[in-house]
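Peer 1: generate coordinates for the sequence data below:
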Amino acid sequence: MPDYHNPPEPHDICLLLRAHGEQLWLISQVLPVLRELELPGGVPDEQLGAALAYLEVLWLQASMRALETDASYAKLGPAAGERNRILHERARRYHAAVSRLRVSVEQRVSALTRPSQSALACEQTGS
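Peer 2: Reported below is the predicted structural model:
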């Protein structure tokens, strides 16, 4: 029989769902494009600009998901009861894992999308 006296906190569940959604987006949408762009010759030169623009759009969407996940984490209060404490800790650990994944992917995306030194020099000289 279910225990209705100690239901899980909605913020715990919300954080788990947001973190899962963000992780799924990073793994299924961003990482495949990123891997293809990182692979030498993975994208033909004539399609490179479009592929980088697509990666930037995917990263913007991933950043919005990250903001939603972090907002859910901010709403997480102290756990009430032993059963809720376990769920609460799992939500916190899942958020931490997804945050580490986010940072790793962000570094890789930034390496591909930031302007090169030669492009910056050309822009400054007006060439």
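
Peer 1: what sits against the most centrally placed residue in the chain?
Peer 2: Nearest to the mean C-alpha position of the chain, by CA atoms, centre = their mean, lies Arg102 at 4.2 Å. By CB atoms under 8 Å, 6 or more residues apart in numbering, Arg102 lies in contact with 22, 26, 62, 66. Heads up, the C-betas are built off the backbone N, CA and C, glycines and all.

Peer 1: which SSE is the last one in?
Peer 2: The one in question is Ala66. helix 45-75 (DSSP states H and E).

Peer 1: what about the helix or strand following that helix, average pLDDT?
Peer 2: Remark: after helix 45-75, the chain's next helix or strand is helix 82-113, criterion DSSP H and E. In this model, helix 82-113 has a mean pLDDT of 92.

Peer 1: buried stuff in helix 82-113?
Peer 2: Residues of helix 82-113 classed as buried: 84, 87-88, 91-92, 94-95, 98-99, 101-102, 105-106, 108-109, 112 (neighbour count, 16 or more other CB atoms under 10 Å).

Peer 1: can you get me the centre-to-centre distance for it and its chain?
Peer 2: The chain centre lies 8 Å from the centre of helix 82-113; the measure is CA atoms, centre = their mean, to the nearest Å.
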